[in-house]
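Participant: Only the shape, not the letters, is given here:
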C-alpha cells in the first residue's frame, strides 16, 4: 500500500474514532439526565362543526405538526406527556347536539412519529390506555379526554387509575402511569388532567345531580361536601403516586391540574405534607404574571381560532405542572432540577420552565390560513431537566 494511502486510511480511522467517541459522549450526557415535556394539546371538538369557520378541531393537524417541531427543537426529550387526546368519532355536547366526526389525535400523533424519529435518532413508544381507544359503546365515557405518553425508553409497566367524577359513567378522568427502563435506572411517570368547570370541578364532592345522571358517593379518602371534585381527584392522584412509586429514583407527576399555585389542589403535591417539587419554581423561574401572560400556561380561547392564530400570548394563569417526587438516598439518579441560566432566553435552550410558549418560531409569520398556526394548543406546556449527578464546582 502506498504511503499516502496508508496515511489517508489512518486519518479516516482517526476521524471515525473521534466521531464515534463524540457520539458516545453525547449519548452519555443524555443518559445522565431525565428530560420531560408536558402539554395539554387541546382536543378541539368545540371548534368542530356545527360552528362554521372554526376549522377541523382548531386546525388540529397544523397544531400537531407544530408540536413535533417544538419537540425536535428541545432535542427530543426522554418523555412527552400529553392530555386532551380524543379518540371518539362523535362527542355529544348536549342531548340534541353532536360534534363530529372527530380526528383521532392518538392516530395523528402516531402517524407523525416516523418523521420525528428521523430527526431525533430514535422512535418514541406510545403509551395509551387501549380501553380509551375503543370508544363507545364498549367504553362509555372514554375517548373524550385521555392521557398519552411518548417515551424514548422501554415501558416496563403501565396502569390507568380512574378518578372520582359526578359524571360517571358518561365521562371519566384518569391518571396514566408508566415505569420506564431509563439508562440511569427505573423512573416512574404519572400524568393526569383534573376536572374543569365543565365537569363540575368546583362542585362539592358527593354532589347530587338530576336524572339521568347518578353521581357516585364521595370516595372515602375525600371529605364529602367540603372537598371539591377537583380537590378529591388531587388527593386520589397523590395517593396513587405514593402507592405505585416504590423505586428510589425520582418520579415525575405531570398534567393539567386546573388549579393555580398554592391552592388546595396544588398543595396536595407541592405543599408541606409531601413537599414534592414544582419544577418551574425550583428552577428559578418567576411566577405567572396574569397581566403580561409571561410564565402562564392557560387562558387562551379554545372554542375558536381567534387566539390560536394570534401571536399574542393571551395567557393569564399557571395550571400546568411537572412535579418531581424527590429521589431517595440510594437512588442511581439524584434528580437535581437544572436551574435556568441568565442568558437562557431562547425557546430551544430552556432546560426547565415553559415549553411551546412562544408563537410559531419555525415560520416567517403565523396567523389565519394560509399562514402557519401560531400555537400548538390553547395551553403553554412545561419542560424539566433532572440531572442525575451534581455538576462539579470549578
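Facilitator: Nice, I can see it. Predicted model only: the values in this text are computed from it and were never measured.
Participant: If we go by neighbour counts, what in the strand or helix carrying residue 162 is buried?
Facilitator: Assigned by DSSP states H and E, residue 162 belongs to strand 155-163. Going by neighbour count (16 or more other Cβ atoms under 10 Å), the buried part of strand 155-163 is 160, 161, 163. Heads up, the C-betas are built off the backbone N, CA and C, glycines and all.
Participant: so what does it touch, helix or strand wise?
Facilitator: strand 125-127, strand 173-182, helix 229-244 (3 or more Cβ pairs under 8 Å, 6 or more residues apart in numbering; DSSP states H and E).
Participant: Let me see the contact set for the closest residue to residue 67 other than its chain neighbours.
Facilitator: Distances taken as Cβ to Cβ, 6 or more residues apart in numbering put residue 376 closest to residue 67, at 4.4 Å, once the chain neighbours are dropped. Neighbour list for residue 376: 39, 41, 63, 64, 66, 67, 70, 356 [criterion: Cβ atoms under 8 Å, 6 or more residues apart in numbering].
Participant: any chance of the residues you listed in a markdown table, plus neighbour count, distance to residue 178 and secondary structure?
Facilitator: Below are those laid out as a markdown table (neighbours: other Cβ atoms under 10 Å; distance: Cβ to Cβ, whole Å; DSSP: H, G, I helix; E, B strand; the rest coil):
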| residue | neighbour count | distance to residue 178 | secondary structure |
| --- | --- | --- | --- |
| 39 | 28 | 17 | strand |
| 41 | 25 | 18 | coil |
| 63 | 24 | 24 | helix |
| 64 | 22 | 21 | helix |
| 66 | 23 | 25 | helix |
| 67 | 23 | 20 | helix |
| 70 | 23 | 22 | helix |
| 356 | 27 | 22 | coil |
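Participant: Go through the residues you listed and name the one nearest residue 327.
Facilitator: residue 39 (24.9 Å; Cβ to Cβ).
Participant: what pairs with the closest one across the strands?
Facilitator: Applying DSSP bridges to residue 39 gives these bridge partners: residue 82.
Participant: Would you check that it makes contact with residue 383?
Facilitator: No: taking Cβ atoms under 8 Å as the definition, residue 39 is not a contact partner of residue 383, at 9.4 Å.
Participant: where do the contact lists of the two overlap?
Facilitator: residue 355.
Participant: Do you know the pLDDT at residue 253?
Facilitator: Listed pLDDT for residue 253 reads 98.
Participant: helix or strand for it, which one?
Facilitator: With DSSP H and E as criterion, residue 253 is part of strand 251-256.
Participant: Identify each buried residue in the helix or strand following that strand, please.
Facilitator: Following strand 251-256 in sequence order, the next helix or strand is helix 264-270 (DSSP H and E). Going by neighbour count (16+ other Cβ under 10 Å), the buried part of helix 264-270 is 265, 266, 267, 268, 269, 270.
Participant: What is helix 264-270 packed up against?
Facilitator: Partner elements for helix 264-270 (3+ Cβ pairs under 8 Å, 6+ apart): helix 229-244, strand 277-278, strand 320-325.
Participant: how far off strand 251-256 does the first one point, in degrees?
Facilitator: With axes from the mean of the first three to the mean of the last three Cα atoms, to 10 degrees as the basis, helix 229-244 and strand 251-256 are set at 160 degrees to each other.
Participant: Name the residues of helix 229-244 that are buried.
Facilitator: 229-238, 240-241, 244.
Participant: do stretch 379-389 as well
Facilitator: Quick answer for stretch 379-389 (16+ other Cβ under 10 Å): 379, 380, 381, 382, 383, 384, 385, 386, 387, 388.
Participant: any idea how far residue 79 is from residue 183?
Facilitator: Separation of residue 183 from residue 79 (Cβ to Cβ, to the nearest Å) stands at 13 Å.
Participant: now do residue 390
Facilitator: In terms of Cβ to Cβ, residue 390 sits 22 Å off from residue 79.
Participant: ok, those two, which is more surrounded?
Facilitator: residue 79 (26 against 8; other Cβ atoms under 10 Å).
Participant: Surely that one touches residue 149?
Facilitator: Yes: between residue 79 and residue 149 there is a contact at 6.6 Å, judged by Cβ under 8 Å.
Participant: can you list residues touching both of the two?
Facilitator: With Cβ under 8 Å, 6+ apart as the test, residue 79 and residue 149 both reach residue 189.
Participant: Which residue ranges of the stretch 51-200 of the chain form strands?
Facilitator: 79-85, 91-94, 97-99, 125-127, 146-151, 155-163, 173-182, 185-193 (DSSP state E, counting those that start in this stretch).
Participant: Tell me which of these is the most buried.
Facilitator: Stretch with highest mean neighbour count among the strands of the stretch 51-200 of the chain: strand 79-85 (a mean of 27; mean count of other Cβ atoms under 10 Å).
Participant: could you give the angle of that strand to strand 320-325?
Facilitator: 140 degrees.
Participant: ok, back up a step: which of the strands of the stretch 51-200 of the chain sits closest to residue 274?
Facilitator: It's strand 185-193; of the strands of the stretch 51-200 of the chain, that one is closest to residue 274 (Cβ to Cβ) at 13.3 Å.
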